[in-house]
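A.B. asks: No sequence on hand, only this structure:
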C-alpha cells in the first residue's frame, strides 16, 4: 500500500507537467498530486541535447526516487535508473490499483455513503493488507462474494460492488504449474515417463486444460489452467498423483520439486 510520502529508491508513477531547460516537473499519481523534480541528467542516459526528445508534457513515466525530503516536501526522481521491465510492471500495477479504487468508489457512491473517495481508499487499504493486488481480490469475489465480507468491506458497499464487478470484470485464467523430477533407469525409461505424463494429462473436462512439457530432463512440468481456481487445484493434485504413481509403479523415482500458482486476466490470456 502506498505511503503518505515516497521513500528513496521507490518506483513511482508520475505525469509530466512542465519540461524546463534544466529538468522536468512531474506530478506523482500515487501521492495526491505531490510534485517531483527530474534533473536533466536523470531524464535519460548519455548526452541530452533536447529534453523533449525524451519526455513531453502529459507523458506518464515511471521514476526511481533519488531524493525524498519530507520536511521540505521535495522529491527528486531518476528515469535513468528504471529498466523497461520495471517501468512496465510498475505501470501495470498502478493501472490495476487505480481500476480497483475506481470500482470501489463507484460502489460507495451508489451505496450513498458520505465521502465515497475516503471510504474507497480505506476499503482499498484493508484489502491490500491481505492481497498483493486489490484487483485480484475483486476477481476472487466474482466466484466467492463472501471474500468482501472477510476483507471488512461494509455490507452496503459490498452489495453495490458485487454487481459492478460482474459487469466490469471477467474471471481470470487461473494457472497452476507443478514441477516434477522423474527418473527411470529401465531400458524403456523414456517411454515410461512419456506414458506417465500422458496418463496425468488425459483427464477430460471442458472447464480445464491440462498439459505437460519438459523443463530439461529429469524435470517436467504439469500445467493446469481454468477459470475456476478450486478446479485448478483439484485437477493439478489428481494429474500429479497419476504421474507419480505411474513412474513409481514401474520402478522409477518421482517427486514434486516445486509448485507455482499464477493468474492471467482475459486480455492477457
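C.D. replies: Arrived safely, thanks for sending. Fair warning: this is a prediction, and the values are worked out from it, not measured in the lab.
A.B. asks: OK, contacts around the nearest residue to residue 175 once chain neighbours are set aside?
C.D. replies: Of all residues not flanking residue 175 in the chain, residue 225 sits nearest, at 4.5 Å (Cβ to Cβ, 6 or more residues apart in numbering). All C-beta atoms are positioned from the backbone trio N, CA, C, and that covers glycine. Shown in contact with residue 225 (Cβ atoms under 8 Å, 6 or more residues apart in numbering): 173-176, 208-209, 232.
A.B. asks: Could you dump the residues you listed into JSON lines and include secondary structure?
C.D. replies: Shown next, in JSON lines, are the contacts of residue 225 (DSSP: H, G, I helix; E, B strand; the rest coil):
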{"residue": "173", "secondary structure": "strand"}
{"residue": "174", "secondary structure": "strand"}
{"residue": "175", "secondary structure": "strand"}
{"residue": "176", "secondary structure": "strand"}
{"residue": "208", "secondary structure": "strand"}
{"residue": "209", "secondary structure": "strand"}
{"residue": "232", "secondary structure": "helix"}
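A.B. asks: Give me the buried entries from those residues.
C.D. replies: 173-176, 208, 232 (16 or more other Cβ atoms under 10 Å).
A.B. asks: And those residues, which is closest to residue 136?
C.D. replies: In terms of Cβ to Cβ, no member of the buried ones among the contacts of residue 225 lies closer to residue 136 than residue 174, at 10.6 Å.
A.B. asks: In contact with that closest one, which residues?
C.D. replies: 225-229, 232, 261-263 are the contacts of residue 174 under Cβ under 8 Å, 6+ apart.
A.B. asks: again with residue 179
C.D. replies: 215, 219-221, 256-260.
A.B. asks: quick one, strands of the stretch 101-250 of the chain?
C.D. replies: Remark: strands assigned in the stretch 101-250 of the chain by DSSP state E, counting those that start in this stretch are 173-183, 208-214, 219-226.
A.B. asks: mind putting these in TSV, mean pLDDT included?
C.D. replies: Formatted as TSV, the strands of the stretch 101-250 of the chain follow (pLDDT from 0 to 100):
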stretch	mean pLDDT
strand 173-183	96
strand 208-214	95
strand 219-226	96
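A.B. asks: could you redo those strands as CSV and give each row distance to residue 141?
C.D. replies: Converted to CSV, the strands of the stretch 101-250 of the chain look like this (distance: least, Cβ to Cβ, whole Å):
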stretch, distance to residue 141
strand 173-183, 14
strand 208-214, 22
strand 219-226, 18
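A.B. asks: closest to residue 244 out of those?
C.D. replies: strand 173-183 (7.2 Å).
A.B. asks: now the closest one against strand 219-226, angle please.
C.D. replies: Relative orientation of strand 173-183 and strand 219-226, computed by axes from the mean of the first three to the mean of the last three Cα atoms, to 10 degrees: 160 degrees.
A.B. asks: Direction included, what does strand 173-183 pair up with?
C.D. replies: According to DSSP bridges, strand 173-183 has the following sheet partners: strand 219-226 (antiparallel), strand 253-264 (antiparallel).
A.B. asks: out of those, deepest packed?
C.D. replies: With neighbours defined as mean count of other Cβ atoms under 10 Å, those peak in mean count at strand 219-226, which reaches a mean of 21.
A.B. asks: now that strand, how far from the centre of its chain.
C.D. replies: Chain-centre distance of strand 219-226: 20 Å, with Cα atoms, centre = their mean, to the nearest Å.
A.B. asks: next one: stretch 63-80
C.D. replies: 26 Å.
A.B. asks: ditto for stretch 180-188
C.D. replies: Centre-to-centre, stretch 180-188 and its host chain are 37 Å apart (Cα atoms, centre = their mean).
A.B. asks: which of the contacts of residue 174 lies closest to residue 104?
C.D. replies: Once Cβ to Cβ is applied, the member of these that ends up nearest residue 104 is residue 263, at 19.9 Å.
A.B. asks: Which residue, other than its chain neighbours, is closest to that closest one?
C.D. replies: That would be residue 172: by Cβ to Cβ, 6+ apart, it lies 4.4 Å from residue 263.
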